[in-house]
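>>> Pasted the sequence and its predicted model underneath.
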Amino acid sequence: MLEGHSGPVIAVVFSPDGQLLASASDDNTVRLWDPATGASRGMLEGHSGLVRAVVFSPDGQLLASASVDNTVRLWDPATGASRGMLGGHSGPVRAVVFSPDGQLLASASDDNTVRLWDPATGASRGMLEGHSGPVLAVVFSPDGQLLASASDDNTVRLWDPATGASRGMLEGHSGLVRAVVFSPDGQLLASASDDNTVRLWDPATGASRGMLEGHSGLVRAVVFSPDGQLLASASVDNTVRLWDPATGASRGMLEGHSGPVRAVVFSPDAPLLPSASLDSSVRLWDPATGASRGMLEGHSGPVRAVVFSPDGQLLAFGCASCTVRVWNSAAAASLGMLEGHSGPVRAVVFSPDGQLLASASFDNTVRLWDATTGSWRGMHVGDSGPVLAEDFSPDGQLLASASYDNTVRLWDPATGASRGMLEGHSGPVLATLGPGYRSLPRHA
């Protein structure tokens, strides 16, 4: 029995190799677990406020935790030993991210700053000042040579992470900047705002590359296609818009939803663009032409989760109507409705090899299905509260489910046998997350 947390769990994340599980809580601690056995690997104490984010370094040798106590703490995940407290922020730390090579750590705070740290020593590498409002998001470019920060002061700022020098302020938005993303090649930066627009920037110079207008409501999400040739934006105006990021020209408005579009994502090879809406449907689009490829209907309630199989051939989504539906993404053909849950389906996830599909429900169960045939492979019963999240380990040998009953349960997906219950949380466990997770993000 893994006891310890006395408050709700904010985040749970697997180490890159899947050998450790870290949970962050509003009881001010981080806990480490062995996901194979369920054994506790230690409690990381030191924060004096709830832990908002936790992240492993790319090589898994360090763990960083960000807290509303205004600090970031570094830990050795192998031993649980403290590797230092990174103090300096005068407001809650909202986000923390490692550079792609793991040589830098960036933290974003409500004190309007981003701070850079050397994760090996804990030494400060500089404070990035300039924002006049809380920093909502921070992201490294794919090559790690630039850092972009987005703020509710309506701006994006660019920084040289090696020196901490400002590389420019990107002005133009008249509302808070909700999201910022680099193109896959790092040559463009897109920002999405509550002013109903997406703006494009040249991150090398800071020059504007265009304002993408057309939405009549705030933009919740923005995403580049895998090849960087298209940009899609999703809005509360019930539409998705496609853009040519090279020219800023509109490539079409995808209409059909009767409710706000919460998320949009390109399939791995980009022949399909699904959008998820509060109108209880998922719509499929051809991103090259903007043509509708079909509407995935059948649910009688809002779509709560949408996920591609690892190879992009299948699309599964779960709904408040207690069912899971699986579709052939290329043909937009339904492969069946998976029935059995007696409560809303909160989460769906494919195993890493794409052979299994797991669904988590408010009926307190996790169900396993054969992703190819839709046949039932078993039901995991044991939670005494709704199952809020789930995830497979990177090798597919374990399935973890997080529940409103304050526990995480481990299962053998091949046999359905219980592999342990991780107890100790005194509040609902809100998330489990493994590396490589790919789904439509749910935006509040």
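Yes, it's here.
>>> residues contacting Met127?
88, 113-116, 164 (Cβ atoms under 8 Å, 6 or more residues apart in numbering). Where C-beta positions appear, they are placed from N, C-alpha and C, glycine not excepted.
>>> how long is stretch 121-140 end to end?
One end of stretch 121-140 to the other measures 20 Å (Cα to Cα, to the nearest Å).
>>> typed the wrong thing, it's stretch 192-204
From its first residue to its last, stretch 192-204 covers 19 Å (Cα to Cα).
>>> distance between that stretch and the chain's centre?
20 Å (Cα atoms, centre = their mean, to the nearest Å).
>>> Next: stretch 201-218.
Relative to its parent chain, stretch 201-218 has a centroid offset of 23 Å by Cα atoms, centre = their mean.
>>> thinking again about what came up before, and the contacts of Met127, which is closest to Asp17?
Using Cβ to Cβ, Leu116 comes nearest to Asp17 of these, at 26.5 Å.
>>> Now do that closest one: how many residues are near it, please.
Residues lying near Leu116 (other Cβ atoms under 10 Å) number 23.
>>> Next, the contact list for it, please.
Counting by Cβ under 8 Å, 6+ apart, Leu116 touches 104-106, 124-128, 147, 161, 164.
>>> Can you tell me which of those is closest to Gly290?
When the contacts of Leu116 are compared against Gly290 (criterion: Cβ to Cβ), the nearest one is Leu147, at 33.8 Å.
>>> just to revisit the earlier point, may I see the contacts of Leu116 organised as JSON lines, with pLDDT added?
Below are the contacts of Leu116 laid out as JSON lines (pLDDT from 0 to 100):
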{"residue": "Leu104", "pLDDT": "96"}
{"residue": "Leu105", "pLDDT": "95"}
{"residue": "Ala106", "pLDDT": "95"}
{"residue": "Ser124", "pLDDT": "91"}
{"residue": "Arg125", "pLDDT": "91"}
{"residue": "Gly126", "pLDDT": "91"}
{"residue": "Met127", "pLDDT": "94"}
{"residue": "Leu128", "pLDDT": "95"}
{"residue": "Leu147", "pLDDT": "96"}
{"residue": "Pro161", "pLDDT": "94"}
{"residue": "Gly164", "pLDDT": "90"}
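>>> What about these, which are in helices?
The helices, defined by DSSP state H, take in nothing from the contacts of Leu116.
>>> gap between the residue lying closest to Ser151 once chain neighbours are set aside and Pro161?
Leaving aside its chain neighbours, Ser151 sits nearest to His131 (4.3 Å; criterion: Cβ to Cβ, 6 or more residues apart in numbering). According to Cβ to Cβ, to the nearest Å, His131 and Pro161 sit 16 Å apart.
>>> And the closest residue in space to Ser174 that isn't next to it in sequence, what's its pLDDT?
Nearest residue to Ser174 in three dimensions, chain neighbours excluded: Asp195, at 4.3 Å (Cβ to Cβ, 6+ apart). Note on Asp195: pLDDT of 97.
>>> What does Asp195 show for phi and psi?
The phi/psi pair for Asp195 (degrees, to the nearest 10) reads phi -90, psi 10.
>>> quick revisit: of all the contacts of Leu116, which two lie farthest apart?
Pairwise over these, using Cβ to Cβ, the maximum falls at Ser124 and Leu147, 15.1 Å.
>>> Which one of those two is surrounded by more residues?
Leu147 (26 against 14).
>>> Return the set of residues that bridge with that one.
Assessed by DSSP bridges, Leu147 has beta-bridge partners Phe140, Trp159.
>>> dump the residue contacts of it.
The neighbours of Leu147, taking Cβ under 8 Å, 6+ apart as the test, are 106, 114, 116, 128, 138-141, 158-161.
>>> Make a PyMOL selection of whichever of those residues turn out to be buried.
Restricted to buried positions by 16 or more other Cβ atoms under 10 Å, the PyMOL selection for those reads:
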select buried, resi 106+114+116+128+138+139+140+141+158+159+161
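>>> Just give me the closest of the contacts of Leu147 to Asp279.
Of all the contacts of Leu147, Asp279 sits closest to Val139, with 30.3 Å by Cβ to Cβ.
>>> if you skip the residues just before and after it, what's nearest to that closest one?
Closest residue in space to Val139, ignoring its immediate chain neighbours: Ala148 at 5.4 Å, by Cβ to Cβ, 6+ apart.
>>> And for Val96?
Ala66 (4.2 Å).
>>> what number of residues lie near the residue nearest to Leu218 when sequence neighbours are not counted?
Nearest non-adjacent residue to Leu218, counting by Cβ to Cβ, 6+ apart: Asp194, 4.3 Å away. For Asp194, the count of nearby residues is 18 (other Cβ under 10 Å).
>>> what's the distance between Asp194 and Val72?
Taken as Cβ to Cβ, the span from Asp194 to Val72 is 28 Å.
>>> Check Gly374 too.
Taking Cβ to Cβ, one finds Gly374 at 45 Å from Val72.
>>> between the two, which one's more packed in?
More neighbours surround Val72 than the other of Gly374 and Val72, with 28 against 17 (other Cβ under 10 Å).
>>> pretty sure that one is in contact with Val114, am I right?
No: using Cβ atoms under 8 Å as the test, Val72 is too far from Val114 to be in contact (11.6 Å).
>>> Give the residues shared as contacts by the two.
Ser107.
>>> ok, and the helix or strand in the chain with the lowest average confidence?
strand 376-381 (a mean of 51; mean pLDDT, DSSP states H and E).
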